[in-house]
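Peer 1: sequence? don't have it. structure:
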């Protein structure tokens, strides 16, 4: 964790920040029933209850058990139930079966959270001078970890509700995004040697390090994301039926799954609708098209004769801007029409495979499993989305999904060679 | 429904019976959390919540919608969600995805039950003279249908809890079966022409009709079920590793799934334990062995040089006895050591494939899908079990499962040729 | 093998019969290329080369190795490669991978046949008085076994060729069946106690024994098989799209596989064609409909308001007739229009699950795996087909397939209750 | 095809080269039986017969049909049968079913080759001045295409033979590699701006273009490939049982497939053996370890604390050397102990995902499907192998396989940061 050394807030600041992040996870689940928190609609998602428990287990394992001698776990089986993928910590509930754990109940998971929170807060208040930087480092990692799960919570909740023929609404009170999409412009971006990766200020995950130099080519970036309206032209031009537009793997997938359009689109009575966290809505043509797989984003780009940006191209641009945008605090929980859209709105697929940076070293021990072992067969996405916690993003932040994944808030920005 | 004409209780009797059966389903779910009621541990089972709603939909569809002109369903999507397999009624939620329906919630399902119950009771009280036998017939079918689901509820609950590494206990207060297994004796049963099927007194499902004559051979029936202790000898004799003891399909299944012993057995620290609705218990050697597939029952019989009884052989014996035994009211929810065990304790696999009786006619309309369309590739079981409602069984009752099913309360009685 | 004691031809007769049966298998493969003999188009079929070797292994294992002290197998790995399912003999090549065995080549398999044949013939000529009945019994079983595989050869060859988009023709010189289907009549068949099973004269497989009494009901049997023309009415009446006509398992299968018509039918340019061993032909409306699964046969019967016959009903009828009909020697290799059609033309699905007769005892040792272990989840078919060797059939002969199988020469005769 | 303009040999040179390449494919299949040429042991491989036909179809489609007006295909169905993945050309036999095509036979495929060859040679001799560069370009691409399939032929033949329990030998006369592995040294390689991609001299595939600049870091490359002996240390250190050494996807795969060691290793009687094209041999400890998946190569590198090289690092090195090494003409058909091993021996896994170079443009039309559409989820390998045709390789050559593939001749060279 050397490279990702966080600024070290004193105990009072850390306690408050801890309380705030922990409360936010619970707030996100407040509109849900215990049943909504139980189900796992596809193997890629997790039940909301499981998220709430897993992030707690993370603090229990990597903070409490690390700092408290003779620490006794809240429940001896929770390590098995709520370990996600830390093989070096021990065996775990198989991922596809997370939705089968009716116990502990949601109430019991909340109680688990309380118990762990009390002990963590006690540790924070009692011991900062004793544990010094390591406690702060681990807490900071734990909080960023929980914020990542807050994003996932909203994505997984959306999918859980979407598979129900009654199309339940997560929150009836969500405002609908307003505004229009401005004409698309092209930003000229000169190539050259650029610095990539975390610059050492503030927190970063290990996969953003080390900072290193890369050579980019002259290129152009689109001034905003592709809209529903633009993507609809592709759909109506038989985009999903023309093999020459697709990567070979994507075409095979299309043949097997029969995708005719983006995940949450629904043709109804001659009109297009879209399932959102605010329920079923008419498909707004000026909103960015969302919930695309990499294959769909790539096929669209080929159709218009453009390409997706690389992660170096996007990071270089993001580094010029403040990390502000349509994040979770906007209250929309949906991408909005607009210009720029560099941060927030939607995670943007890049043309870059998720790989270690030159000189990358994962964290020591089990925490080294956090990022590095996924560096194969996935693609990088950049910029955060409408479900990202504010202040969670930064220019060097690397998200990653498989090319076929599309339940996450993912969108598409075009690029082209200069 | 000609053949299954029920005795016609007056309105007061029917109302009371209706209330009582409906209450019982809810009582069975009382020890469960909303989460327990949500999950579907394997595709063969259904979530308890779904059972509660489905039996209600059955009354709504086959009673309310039939008798009430302009009847408006409680919710327009419930027919889709809670139709089990009545293709002629309309499309339905795919069976493996019943566990993904977080809405309606358990509370909403209870409210659904209330609404339907009130209308059914109103119908019973207002209209007996108007609807005559048909109302009684449909109500009677609906109540027997709900009783079947009460059995399934207990089986499915047991499985739902068993897949949780914490092994939750359904009811802590269940007494453990006491007593010993008497020595096994052989009852001589002379062959000859026998009458099989429902004799017309009281209710029966269509698959028990028409009553007809069959020719049985001289044979002997074991005086009780095979016990855990006896079955353990088979396990320890490498029964699960010797292909010559198994049907070919069973051996293939064993190779794929690696079953080493009956479903709920667990070897722990050199001792055998068994998961029950009362939690994990030492394997009681005098209790009947339970949760066997047909393949396991058949292999055991081959190992001891015997065979399974036919359904004619068992029905002939059951017809000589009162339908009394270790049913749900015994409060054990588990088979008990003892003699006879003809009714109750465990459903007994027969060597008979589930097939229509000569001259069988299914009920008219959608209710004809109740039984007839399953008459292929399944085996008949007889006698009821410790989860069967009292007064639900009769000698002619035919239950059926696939040869590989073993989550139901199934056991094994030996037979041999005379 | 007590019950299936064959008449005991002297050595000269047996040698000639052995030569003749063995030659016939090779004659059936004569029109094929080595490549045709190699492939396994679905897991249910076997490569022709494998059939040729397997039946040879059967003689090697159950005759040569049994009678010749210190017998040394032709090749030490052939037992692994060509054992079909005799678990007690040893491990074997997994069934779905039989088509991956490019070695031994077809030529080497023919050489294997020669070597074994020579030794068997030597044994026959040298030793009849020494081995007595047992040699005759085992040879007889081996020859009937090989004849069963001759039928399978033609079915598997047909399927192998059918999956090739070039639709190769097995034999260009096959005459097309001529004639018309007479009007369908109903034969009244009184019920009563009947004798079923092999009567002890001549050879029989163990599954035809013991002879026993059954009680049949009054019924009627159709005077001929259902024709293509009649079945086409069902197809055109949306038979494959109406769930109420299908067994539940069949409907699920239909949903998964999308069968729109019988296996070898092909709609082309507004006309129906049918793939046959003589190549693609117009669908002849008077020919019996063939290559039906049980589900299709059953659905058709339900559509016309009839049912399939039981095996007792069919055997009773077959026992009244000489076992003559459109067998392989007719040279058609295809069912033909006609009356009766009791023997030959097509195996007729019965409504009877394949189960042991009362008192059934399989043969001792590995040969006991021949039939008994398949007595689950399959249905009985009766009467032989156009690919059956002449003199192979008898009234008590029981064939069996899974309800979903349809690459065999299977057809359908209607029955109804009197 | 602008960027990949080949030098333009006159007609005589081209005709000779054409004959030579075409003959070589047939020579590779000469030791095989028609049965060996028929089978497809896994879906990733193709039957040798299919390879022989497919490369012929390539010339037919992209040369004959392009240049000959009114060209009539040799057979109207061959386009369907032998199109590999050119969606824009038309529909095709599904890849997993290539092994089911018993017709055309091997002899017919050879006849097909003759017919096409004659016409191509006629075209070459008659028309060079008329068709100019385009004919040369297309012929050159077709010949390089066939050479790629020559490599695949040997890999697929090896796998086809390996699944046979008799372990047939491709060629008995293959010499065994001799020599010893020298101690491993580290070559210091300074980073900086480097040119990557084809330099325009001679032929190249489109995926090697355009030539462009990249920035590499200081690093070190191992002086030779990892040996069997070195890899065995990893196996014996429980390398396949320690999740911390594996990429997450690899660990899941290991759990599902249970790989305990490289593909063709076989533990027998306490010794390690290895299946080769020359049959089963003792595992030679000084030979390079081969037939590794990316997951295995990566896990080994992690275990020794090193990493895999990037494709830029390898290409930079290869560009300094003549493309000479243990290619197919060495006659070993197996990697050999030695030093350097930069070209030949084994394709070396790189840490680089297969992606388009900046500014990449696929060829126009169907030939554009050759490479570009596979640029997702695969990894680049470099340097050629012992099955590569001589003169087929060059520094910029990019091969690519999925991370789980391991039937190809793939090995592993270590790298580390400076």
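Peer 2: Good, I have the coordinates. Keep in mind that what you see is a predicted model, and the values were worked out from it rather than measured. Numbering: from 1, shown residues only, chains lettered A, B, ... in the order given.
Peer 1: Please count neighbours and contacts with C-alpha atoms only from this point.
Peer 2: Noted.
Peer 1: Make sure residue A:234 is actually in contact with residue A:303.
Peer 2: Yes: proximity of residue A:234 to residue A:303 meets the contact threshold set by Cα atoms under 8 Å, at 7.4 Å.
Peer 1: what sits in contact with each of the two?
Peer 2: Contact criterion Cα atoms under 8 Å, 6 or more residues apart in numbering or on different chains; residues shared by residue A:234 and residue A:303: none found.
Peer 1: any chance you could read off phi and psi for the nearest residue to residue A:288 once chain neighbours are set aside?
Peer 2: Counting by Cα to Cα, 6 or more residues apart in numbering or on different chains, residue A:288 lies nearest to residue A:227, which is 4.0 Å off, once chain neighbours are set aside. Backbone torsions for residue A:227, taken as degrees, to the nearest 10, come to phi -90, psi 170.
Peer 1: Same question for residue A:80.
Peer 2: Note on residue A:80: backbone dihedrals following degrees, to the nearest 10 are phi -70, psi -40.
Peer 1: what's the neighbour count on the residue nearest to it when sequence neighbours are not counted?
Peer 2: Spatial nearest neighbour of residue A:80, excluding adjacent residues (Cα to Cα, 6+ apart): residue A:92 at 4.4 Å. For residue A:92, the neighbour count with other Cα atoms under 10 Å in any protein chain shown is 17.
Peer 1: element containing residue A:92, please.
Peer 2: Of the helices and strands defined by DSSP states H and E, none includes residue A:92.
Peer 1: what do you get for residue A:113?
Peer 2: Going by DSSP H and E, residue A:113 is in helix A:106-126.
Peer 1: Show me what that helix is packed against.
Peer 2: Secondary-structure packing of helix A:106-126 (3 or more Cα pairs under 8 Å, 6 or more residues apart in numbering or on different chains; DSSP states H and E): helix A:11-29, helix A:48-59.
Peer 1: Do the first one and chain B come into contact?
Peer 2: No: among the residues of helix A:11-29, none lie within reach of chain B under Cα under 8 Å from any Cα of the partner chain; the closest is 14.1 Å away.
Peer 1: And the last one, by the same measure?
Peer 2: No: judged by Cα under 8 Å from any Cα, helix A:48-59 makes no contact with chain B; its nearest approach is 10.3 Å.
Peer 1: next SSE after that helix?
Peer 2: helix A:65-67.
Peer 1: Show me how far stretch A:248-265 is from its chain's centre.
Peer 2: 22 Å (Cα atoms, centre = their mean, to the nearest Å).
Peer 1: Could you work out the end-to-end span of it for me?
Peer 2: 24 Å (Cα to Cα, to the nearest Å).
Peer 1: near chain D at all, it?
Peer 2: Yes: Stretch A:248-265 lies within reach of chain D by Cα under 8 Å from any Cα, at A:248, A:249.
Peer 1: ok, now which ones touch the residue nearest to residue A:277 when sequence neighbours are not counted?
Peer 2: Excluding its sequence neighbours, the residue lying closest to residue A:277 (Cα to Cα, 6+ apart) is residue A:170, at 5.2 Å. Taking Cα under 8 Å, 6+ apart, we find residue A:170 in contact with A:31, A:32, A:157, A:158, A:161, A:277, A:278, A:279.
Peer 1: What is the neighbour count of the fourth one?
Peer 2: So the one you mean is residue A:158. Neighbour count for residue A:158, taken as other Cα under 10 Å: 24.
Peer 1: how near is it to chain B?
Peer 2: 12 Å (Cα to the nearest Cα, to the nearest Å).
Peer 1: Contacts only, for that residue.
Peer 2: With the criterion set at Cα under 8 Å, 6+ apart, residue A:158 makes contact with A:170, A:276, A:277.
Peer 1: try 10 Å this time
Peer 2: Contacts for residue A:158 (Cα atoms under 10 Å, 6 or more residues apart in numbering or on different chains) come out as A:41, A:152, A:167-170, A:264, A:275-279, A:407-408.
Peer 1: pLDDT weak spots in chain A?
Peer 2: For chain A, residues meeting the criterion pLDDT under 70 lie at A:1-12, A:127-132.
Peer 1: In it, spot the helix with the most residues.
Peer 2: Longest helix in chain A by number of residues, with DSSP state H as the criterion: helix A:128-162.
Peer 1: That one vs helix A:106-126, what angle?
Peer 2: 160 degrees (axes from the mean of the first three to the mean of the last three Cα atoms, to 10 degrees).
Peer 1: Report the next helix or strand after helix A:128-162 in sequence order.
Peer 2: strand A:186-189.
Peer 1: in that next one, what counts as buried?
Peer 2: residue A:189 (16 or more other Cα atoms under 10 Å in any protein chain shown).
Peer 1: Which strands or helices does it pack on?
Peer 2: On a contact count with 3 or more Cα pairs under 10 Å, 6 or more residues apart in numbering or on different chains; DSSP states H and E, strand A:186-189 meets strand A:219-222, helix A:311-318, strand A:415-417.
Peer 1: Looking at those, spot the one closest to residue C:124.
Peer 2: Residue C:124 lies closest to helix A:311-318 among these, at 80.2 Å (Cα to Cα).
Peer 1: Ends of stretch A:286-304, what's the gap?
Peer 2: OK, stretch A:286-304 end separation, Cα to Cα: 18 Å.
Peer 1: picking that back up, what residues does the residue nearest to residue A:80 make contact with?
Peer 2: A:77, A:78, A:79, A:80, A:81, A:82, A:83, A:84, A:85, A:86.
Peer 1: Can you tell me how far the first one is from residue A:96?
Peer 2: Taking Cα to Cα as the measure, residue A:77 and residue A:96 are separated by 18 Å.
Peer 1: The last one too?
Peer 2: Distance, residue A:86 to residue A:96, using Cα to Cα: 16 Å.
Peer 1: likewise residue A:377?
Peer 2: The separation that residue A:377 has from residue A:96, given Cα to Cα, amounts to 20 Å.
Peer 1: and if you look at residue A:68?
Peer 2: From residue A:68 to residue A:96 the distance is 33 Å (Cα to Cα).
Peer 1: ok so, going back, need the helices and strands packed on strand A:186-189 in a markdown table (columns: mean neighbour count and distance to residue B:121).
Peer 2: Below are the helices and strands packed on strand A:186-189 laid out as a markdown table (neighbours: other Cα atoms under 10 Å in any protein chain shown; distance: least, Cα to Cα, whole Å):
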| stretch | mean neighbour count | distance to residue B:121 |
| --- | --- | --- |
| strand A:219-222 | 20 | 66 |
| helix A:311-318 | 20 | 67 |
| strand A:415-417 | 19 | 68 |
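Peer 1: JSON lines please, covering these and showing distance to chain B.
Peer 2: As requested, those are exported to JSON lines (distance: least, Cα to the nearest Cα, whole Å):
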{"stretch": "strand A:219-222", "distance to chain B": "40"}
{"stretch": "helix A:311-318", "distance to chain B": "37"}
{"stretch": "strand A:415-417", "distance to chain B": "40"}
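Peer 1: Between the ones you listed, which one is closest to residue D:239.
Peer 2: The nearest among the helices and strands packed on strand A:186-189, by Cα to Cα, is helix A:311-318 at 33.5 Å.
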